[in-house]
Structures are given as C-alpha cells and as structure tokens.
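Peer 1: Got a predicted structure here, sequence first:
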Amino acid sequence: MKVGVLSLQGAVEEHLDMIRRCGFEAIKVKTIEDLEKVEKLIIPGGESTTIGKLARIYNLDEVIIKKGREGMPIYGTCAGMILLAKEIQDSRQIGFNLIDIVVERNAFGRQVDSFEVDLKIEGFAGEPFRAVFIRAPYIKKIGKEVKVLAKFNGKIIMAQQKNILVSSFHPELTDDLRVHQYFLDKNL
Amino acid sequence: MVEKGTYKLKKGLAEMLKGGVIMDVVSAEQAKIAEEAGAVAVMALERVPADIRAAGGVARMADPKIIKEIMNMVTIPVMAKARIGHFVEAQVLEALGVDYIDESEVLTPADENYHIDKNNFKVPFVCGARNLGEALRRIGEGAAMIRTKGEPGTGNIVEAVRHMRQVMGEIRILKNLPQEELMTKAKELGAPFELLQEVAQKGKLPVVNFAAGGIATPADAALMMQLGADGIFVGSGIFKSSDPKRTAKAIVEATTNYDNPEIIARVSEGLGEAMKGIEISQIAAAERMQDRGW
C-alpha cells in the first residue's frame, strides 16, 4: 500500500519516516497527480493557514474533499486536524468539512504553553501514549457520528469519524508507532 | 505529568515551520500582510535589516508595544530578536510570550564573548551560523533551530549560499570520517563532541536549519531550498520590494515548489523591482553583521 503525506508545508519527513517504519511505502503529495497514486493520506502539522492557502492555489483541497467523501482514509495531525474540520472557531479559515467537529486553533496557548503528557487513548493497550502538543488546537464540539478517542483535561484531542482520523498532538515527533499503526493497519 | 519547555517541544515548533517562509515585519499591518501571503511565522522588529544598516547606531530589541500589537494581530507564531548575549532582552521577550527568540547578529551585540545560555529558557531560540562548528556551539548552548547568517539587509544571496554550502559540505565530510578522527575534528571545528558525533551518525544537523540573510526573490528562496535549507527567512526582501504582497506570496509558493521551475517562473513574472541590494565588497569589514558572534 502506498501512503501519501501532503507536502505543501510542515513536518512532512517525520510522517514519511513513521509510515516506512510501519512497513508501508510513503510518498510526498504535492500535486493532484501524486494524490491519485495513494490509498491513504496524512495531513501533517505545520501552519494551517499556509497549508490551506497552498492547497487552494493548486486545487488540492477540492480533490482531497472528494476523495475523503468517497472513503479515502485521511489522518490529520494538529494543522491537519484543523484543515479537516467542519468549522474553525473565530476564523475566516474554511475547513474541508470531512469530519463533523468544531476546532479552536492555538487553544492551549502560545509556544511557552506547549506541553508533553502521557495519554490514555481509547482501544490502545499497554503503556500510555506520550503526546506532544505544540501550539495545539482542540475540539470544542463534535457531531453524533464522531467517536472520541482521547481527552486531556476534559478537552477532546483525538477523534474519528469513519475514514477520517484527527489528533491535536504529534505522534510523528515520538518513537511510538501505535497511532500510525492504527491508521495504516486498520480498514478505516 | 505535564511537562513544558522541553527540548523536544522547542525543536518541535521549528519542525512545524519546515518548508515555510518566516517574514520580518515592523508593524501589525505588515504582519497581517505576511500572514495573508502564507507566512508560517513573522519576526517582529523595529526596523528591517536594510534600514538598520542605513540608520547606523545601536540596534536593540523591538519595543514591547510593537511586539504585542503584532502578537494580537496574527494567529501564526511570532518571533522576536534579542541582541547576542543580552539575556535580559531574552527574559523580556519570554515574559511577553513570543513563540521564538532569535539571538541575532542583525542587532548590535551586547556581549562579545558569550552567547545567551538558551537552556535556561522555556521559549525556544534560533541562532545564526556560518559553518558547522558555529551551528553546533549554538545548539550546545540550547538553540533549537539554526539559520545561516548570510549578510542581512543586503538583498544579496551570495553569503547565505556560502554559509549553506559550508555547513552542508562539512556534514558530508563528517559522514565519511572514521570514529577515531571525530575527536580531532571536534577540536578543529570547536564543536561539542557529542553533537558532532550525532551529526556524523545521522548525516544531518540535530535541529531544523533555515536559510537567512540576503534572500530577495522567489528564485533566491528556491536556490536555498535546493541547497538543503529546511525553510526560509526573508528580512528586508519583502517590505523593501516594490510590491510586498505579491513578492511575499511569490516567495511562499517558490519555497514550497523549489524543485519546480515552471511554478517559480510563473510566480516571478512581472513582480516589479526587488530590493535594490548591496555588493558585499562595498560593505566595510566593521559593518559586516555575519562576523558578530563566534
């Protein structure tokens, strides 16, 4: 299976590396043609405003929305989660509306408030997951189709709606493959 | 347990900025233009480097009022510059809540012998470097991101190219050295041994490395990306050009598509005049910003 990482801006290499470590082929997705070659897609962390603008210029947003609606599994971390959302709180930014959530950007504060913490993720056996939050968003509201996978201090920070998976934190900045395995191995 | 200010978090923010453009801004209004053009972060300053050069005198940390106005205007990360060795300016910037501090040679150094002990701070630091030894010394002091120094405020890419080639070339040599030669190499470069060993093993710097100092056109940005930069700082190049909005957007697109000459050609078309620029040999040795710091 070929897995793509949207490569307009952000922590692309880290996701490519995680995908390869999970035993799959990983490619960068910069164009619509690249997107046609992959079965699953990761939208990485970065600046959601930058990635969103670039996706618009190259019409990648339309194709991602179409493929997401047709059932392509897509995982968004941090900025990726913001882009996949139905609504972005207090913002003129427009989400792809592939998952029925309202997100708030930089919701935990600025960089000095960025943090790491051990998390319990629904359905993950064994050790807690070391989650890295960088100027992270969280989910303020969810629709009834959305399943909550993890919370921190009562805030939803990981969720799934059918083929769409999102997290506020960055598993690609750790050595723990479990979130990527969950996304890649399972038939979402 | 919740941990803040860890080195992973400091490095991590820089990783999120990869493939992006960080723009120098001197007002909230410019910050908004930068954000709308697709900047991944802005650098809050009182004057852009070209104006610092023109004005002369002592260049210091920006007025906290300007920094706060910029922070309130945009949602992207805001960086600000402190003078080399001026750890109180850095404390002030941390108190203001900026997202990254640039301990920068663009400002007049406050200490000619010692850089800031950056491990002492929760907020991450970026520092300039002309070669691998300098980069590793800064990382040793706690810098979580490196950029080339180039020659700021000139609109002349030649020094940034020199510094990027120097760092990348030294890494390539290091990768092929046998273990027994590494300590002598560390001595030659004046680099911390453990960090040098890590670079030899991994074949890359342990932190993100951006290009800075002289980038004025979309092709300049793409050149630096092809030479191995992880992203781009543009100082005077945007707001000293004839059409800052378009120039900013064009540099963002060229940075993402650095390996696609058709796109670089398209965004470069009819951009108007880039900043005028200065030939490096016309700058007196004492006014070369890159020689500040050690």
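Peer 2: Nice, thanks for sending it over.
Peer 1: Near whichever residue of the stretch 1-150 of chain B sits closest to chain A, how many other residues are there?
Peer 2: Distances between the stretch 1-150 of chain B and chain A by Cβ to the nearest Cβ are smallest at B:D99, namely 3.9 Å. Glycine gets a C-beta too; all of them are placed from N, C-alpha and C. For B:D99, the count of nearby residues is 24 (other Cβ atoms under 10 Å in any protein chain shown).
Peer 1: For the helix ranked longest in chain B, name the packing helices and strands.
Peer 2: Scanning chain B for the helix with the most residues, using DSSP state H, yields helix B:158-175. Judged by 3 or more Cβ pairs under 8 Å, 6 or more residues apart in numbering or on different chains; DSSP states H and E, the packing partners of helix B:158-175 are helix B:132-140, strand B:145-148, helix B:182-189, helix B:193-202, helix B:218-226.
Peer 1: would a markdown table of the ones you listed with mean neighbour count be doable?
Peer 2: Shown next, in a markdown table, are these (neighbours: other Cβ atoms under 10 Å in any protein chain shown):
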| stretch | mean neighbour count |
| --- | --- |
| helix B:132-140 | 24 |
| strand B:145-148 | 28 |
| helix B:182-189 | 15 |
| helix B:193-202 | 16 |
| helix B:218-226 | 23 |
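Peer 1: mind putting those in JSON lines, mean pLDDT and distance to chain A included?
Peer 2: Shown next, in JSON lines, are the helices and strands packed on helix B:158-175 (pLDDT from 0 to 100; distance: least, Cβ to the nearest Cβ, whole Å):
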{"stretch": "helix B:132-140", "mean pLDDT": "98", "distance to chain A": "18"}
{"stretch": "strand B:145-148", "mean pLDDT": "97", "distance to chain A": "12"}
{"stretch": "helix B:182-189", "mean pLDDT": "98", "distance to chain A": "25"}
{"stretch": "helix B:193-202", "mean pLDDT": "97", "distance to chain A": "12"}
{"stretch": "helix B:218-226", "mean pLDDT": "98", "distance to chain A": "12"}
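Peer 1: who wins for proximity to A:G143 among those?
Peer 2: Closest to A:G143 of these, according to Cβ to Cβ: strand B:145-148, at 38.4 Å.
Peer 1: Quick one, grab the pLDDT at B:G57.
Peer 2: Confidence at B:G57, expressed as pLDDT, is 89.
Peer 1: So B:G203 is in contact with B:N176, correct?
Peer 2: No - using Cβ atoms under 8 Å, B:G203 makes no contact with B:N176, being 9.7 Å away.
Peer 1: what's near enough to touch the spatially most central residue of chain A?
Peer 2: Closest residue to the average C-alpha location of chain A: A:G76 at 1.1 Å, with Cα atoms, centre = their mean. Neighbouring residues of A:G76 by Cβ atoms under 8 Å, 6 or more residues apart in numbering or on different chains: A:I42, A:I43, A:I82, A:L83, A:L84, A:I164, A:L165, A:V166, A:S167.
Peer 1: Mark which of those are buried, thanks.
Peer 2: A:I42, A:I43, A:I82, A:L83, A:L84, A:I164, A:L165, A:V166, A:S167 (16 or more other Cβ atoms under 10 Å in any protein chain shown).
Peer 1: got those residues as a markdown table, with secondary structure and distance to chain B columns?
Peer 2: Formatted as a markdown table, the buried ones among the contacts of A:G76 follow (DSSP: H, G, I helix; E, B strand; the rest coil; distance: Cβ to the nearest Cβ, whole Å):
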| residue | secondary structure | distance to chain B |
| --- | --- | --- |
| A:I42 | strand | 14 |
| A:I43 | strand | 13 |
| A:I82 | helix | 11 |
| A:L83 | helix | 14 |
| A:L84 | helix | 17 |
| A:I164 | strand | 21 |
| A:L165 | strand | 19 |
| A:V166 | strand | 16 |
| A:S167 | strand | 14 |
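Peer 1: for residue 110, what are its contacts?
Peer 2: In the absence of a named chain, this looks at chain A. The contact partners of A:R110, by Cβ under 8 Å, 6+ apart, come to A:R135, B:P77, B:G97, B:V98, B:D99.
Peer 1: Chain B, not that one
Peer 2: B:A110 makes contact with B:R83, B:I84, B:G85, B:H86, B:E89 under the criterion Cβ under 8 Å, 6+ apart.
Peer 1: Intersect the residues you listed with the contacts of chain A.
Peer 2: Applying Cβ under 8 Å from any Cβ of the partner chain to the contacts of B:A110, one finds that nothing falls near chain A.
Peer 1: Please list only the buried members of the residues you listed.
Peer 2: The neighbour count (16+ other Cβ under 10 Å) marks B:R83, B:I84, B:G85, B:H86, B:E89 as buried among the contacts of B:A110.
Peer 1: Can you give me the buried ones in the strand or helix carrying the last one?
Peer 2: Secondary-structure element containing B:E89, defined by DSSP states H and E: helix B:87-96. Residues B:F87, B:E89, B:A90, B:Q91, B:V92, B:L93, B:E94, B:L96 are the ones in helix B:87-96 that count as buried (16+ other Cβ under 10 Å).
Peer 1: Chain neighbours aside, what residue packs nearest to the first one?
Peer 2: Counting by Cβ to Cβ, 6 or more residues apart in numbering or on different chains, B:F87 lies nearest to B:I116, which is 4.7 Å off, once chain neighbours are set aside.
Peer 1: ok so, going back, quick check, pLDDT for the residue of the stretch 1-150 of chain B closest to chain A.
Peer 2: At B:D99, the model reports a pLDDT of 98.
Peer 1: And the one 4 residues further on, by the same measure?
Peer 2: In this prediction, B:E103 carries a pLDDT score of 98.
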